Structures are given as C-alpha cells and as structure tokens.
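1. missing the sequence, but the structure's below:
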C-alpha cells in the first residue's frame, strides 16, 4: 500500500459522510483473459477501489454502510494450487487490517448483504462499471441489465468520489512526480532514437519497456507517428523519413498507478524547416500562455479559449486564417487546426475519473460542455482549484480529409484561407503537452526535469544525444 492505514480510513469516512445513507459497494477488478483463461493481461486494479483501499489483489469488493459506518472487505482466500503457481500472498484478513477495515467475508456472502439492503428499501450505491465481469456481477446482485447500469449508477456516489479524488494530496503529488520522471526518460529516449530509418514501432516498443522497467505499465497506448494529424496515431512499422515530424504522446504509471502524460514533436532530420518552425512556435506560445493563465479560481474553459484566440491571431499572420478573431473563435473555425480540448484532469487515470462521466469530472453547474466541433472535446472546463493536476496540450494539425470536407461544404469559409491551407496537407501535426499542478498562486510543471520543447532546445538535444541503434 502507498499510504498509511489512517489515510485510507479517512478517505472512506469522508466518502461515507458525502454519500449520507445506503450501502456503498466499491468493486475491485478481476483478472482479464487475453486469449484464454490462464493467459491474462497484466492486472490493473480499479482506480477508485485503489484510492479507498490501497490493495492491488484481484477479486475484492469493499462495502461501506453509510448509516452505521460498518465496513466489510469481501474476497476469497487463495488455495494451495494458487500458492504453487504464484506463491503465498497476503490474506484477505491481513489486507483488511492494512487498510483499516474491521470485517472480512467470502465473496459469496456479498449477495446476502446486498439482498438484505434491497429488502429493507435501502439504496445500494455503485459506480458506473466498465468491465463486463463487473457488469455481470451487478446484474446478479441487483438484477440491473448491463445496458442500464451506467444510468443506474449512483450520482451521489459519483459526485462524492470526484470531489475526493480531484484534489491531490502531498503524497499523491509525490507519486505523480515519480510518474513524470519516468515520462521524462521515455520522451528523451524517443528524441534520441528519432532519425531516418528507425521505425515508429521500434520507438513505441522501447517506450513501453521503459514504463515497465521503471514503473508498472504505460498509462495509455503510446502514440508514436509521423502522421501527427491523426490524434491517436499508434506506432506502425513505417520507417521514419527525413523532413518529417515525429509526434510522440506517451506516459507511464507508477507501481501505485499514478500517471504521467506528455507529448513532444521532434524533427526526424534533427532540424526544423522554416515552415515547421512557424507552426511549432505557435504551439509553444499557446502552451506557455496556458501556464501563465492557470491558477486557482480561473476556469480552464477560459484558458482554452485564450489559447484558441492566440492560435487564431498567429495563423492569421501566416495567411491561413482571416477575419475577426473573436468571431472566428466563436464560430469554431480554429477547430479545423485544433479539434480537441486544451487538456484534462490527471491522477490515477490518465484521463482522471473519465469512466465516472466526464460531465461530472470536468464540468459543473456553472460551466457546461459544448456541442460545437472541437470545443465538444474539451474534457475539462470548470474552475481550477489548488491541488488539481491538468494537462496543458495545445496542438495544430492539418487533417486532409477534414480540410477537404470543410472546403467542400464551405464550413467557416469566411475565416479560413483554403488555398493556403491546401499547401499544408502534407504537413502532419504538432502537439506539446505537459502535466501541470495548480498551486496556491499559479501552477508548476510536474517532474524534476523539463523535456525539451523550445525549438532551439529540441534541436540541441537531438544533436548532442542522438543514439545509434
């Protein structure tokens, strides 16, 4: 366990107080088979279960009676066959003691506890499930079909978990720093390997290995591609080509599953062309503007918009956009170039708590999500608070199919210089991303060292550190 018994007990006590009444059921994850039952993916515990119990073993469920305060950890003990193959592990009783839970019971007893609560007319609170085995378990316990479970999940429990997990403690920040240190190693290695003839797949594999040897796993499938205009461009067997840009978006999870998420864009030849510099420096300035504006009390929505305004002004200077900047941003014309949001919350999930419902994580009664193309993909918009961790990730992309579609349909034609934009259809895309902690009076990067991102720093780093295979 990462934290003390008192930490986990305190978190559950706060959760109980926020929910108020009923039975809170927090499902841990089970092993997930890859291609046959005994060949499983590497185990990853559910983040909310981990937050409240700190235990990494599969096959556990935590139950809290919000009225009485009684707590039970449900799980079956391993048998001798398990010990022969996997070794002896901590017993369920010992795990309960470690995280401050007074009682344990075998998994078969969970149905009786839930049934008794239902018969008494009590609310059974559960979070939206995302794994099919958990959905089946909920159906067996409560009779709710999997297709109805997300809407049947407890809104009171969702909001309570979001409230508690959003603000990171000092210990959590230390763990996020560790994840960023691994991220630094991953990205600087990718920059060293970036040269003509190396494949995207080779670099992606090396990054996965760094995450595995220094932490636990990658925090999401690594994006390594010369086609940076494809937002989730996963590594292919393509060899890197001189004159192209390599976009690398990758991160790591620590052993305790706190995440990092960075993006860098590196010239395969080692030097940016002038055209690449022109676009790259706009992204740098947008990235730095967000750092200047982010502080407690400021809406991330407004930071996103300020970045879009700056981007539009600078694209106008290059002859790619035209017209009134405010009108262009209001119309969403900039989204041709940046069809995603400025960033998202981070923690144990790289898109922190997204599985609970993005509208509850990133928005509130004051700030509501947009349906406009581009802004609709802003995962986080509400006011920043000290202890939040968010990503700052502006980007500019030239997506040929999207350019063709907007030109053909005349979308935002009054703001877009399509003849000039056509010349960039072979460009690719650029994104720069860092993990940012909101502090009492502003924000700061997470991690000990900055992954180079200014033009001169990137070129110098590549020149001095390029690796031979």
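-> Ah, there it is. Remember, predicted model here, so these are calculated numbers, not experimental data.
2. C-alpha from now on. contacts and neighbour counts both.
-> Fine.
3. Show me where the stretch 1-150 of the chain has its helices.
-> Along the stretch 1-150 of the chain, counting by DSSP state H, counting those that start in this stretch, helices occupy 5-19, 47-53, 80-86, 92-98, 110-119, 132-142, 149-152.
4. Helices of the stretch 351-469 of the chain, residue ranges please.
-> In order along the chain, the stretch 351-469 of the chain carries the following helices (DSSP H, counting those that start in this stretch): 358-361, 400-409, 418-422, 455-465.
5. Out of those, which gets nearest to residue 222?
-> Nearest of the helices of the stretch 351-469 of the chain to residue 222, taken as C-alpha to C-alpha: helix 455-465 at 20.3 Å.
6. Just the mean pLDDT for the closest one, thanks.
-> Mean pLDDT, computed over helix 455-465, is 96.
7. Ok, stretch 277-290 next?
-> For stretch 277-290, the per-residue pLDDT values average out at 98.
8. same thing with stretch 296-314?
-> Regarding stretch 296-314, the rounded mean pLDDT is 98.
9. In the protein, where is pLDDT below threshold?
-> Within the chain, the ranges that satisfy pLDDT under 70 run 468-469.
10. quick revisit: turn the helices of the stretch 351-469 of the chain into CSV, including mean neighbour count and distance to residue 435.
-> Formatted as CSV, these follow (neighbours: other C-alpha atoms under 10 Å; distance: least, C-alpha to C-alpha, whole Å):
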stretch, mean neighbour count, distance to residue 435
helix 358-361, 19, 17
helix 400-409, 13, 29
helix 418-422, 14, 31
helix 455-465, 16, 19
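11. Longest helix in this protein, by number of residues?
-> Ranked by number of residues, the top helix in the chain under DSSP state H is helix 170-193.
12. Packing partners of that helix?
-> Helices and strands touching helix 170-193, as assessed by 3 or more C-alpha pairs under 8 Å, 6 or more residues apart in numbering; DSSP states H and E, comprise helix 200-214, strand 245-250, strand 252-253, strand 262-267, helix 455-465.
13. and the helix or strand that comes right after the first one, which strands flank it?
-> The helix or strand immediately downstream of helix 200-214 is strand 217-218, counting by DSSP states H and E. Note on strand 217-218: by DSSP bridges, its sheet partners are strand 252-253 (antiparallel).
14. what does the partner strand rub up against?
-> Contacts to strand 252-253, defined as C-alpha atoms under 8 Å, 6 or more residues apart in numbering, come from residues 179-180, 182-183, 211, 215-220, 259-261.
15. So which of those is the closest to residue 284?
-> Using C-alpha to C-alpha, residue 261 comes nearest to residue 284 of these, at 17.0 Å.
16. Quick check: that closest one vs residue 350, distance?
-> Using C-alpha to C-alpha, to the nearest Å, one gets 7 Å for the distance from residue 261 to residue 350.
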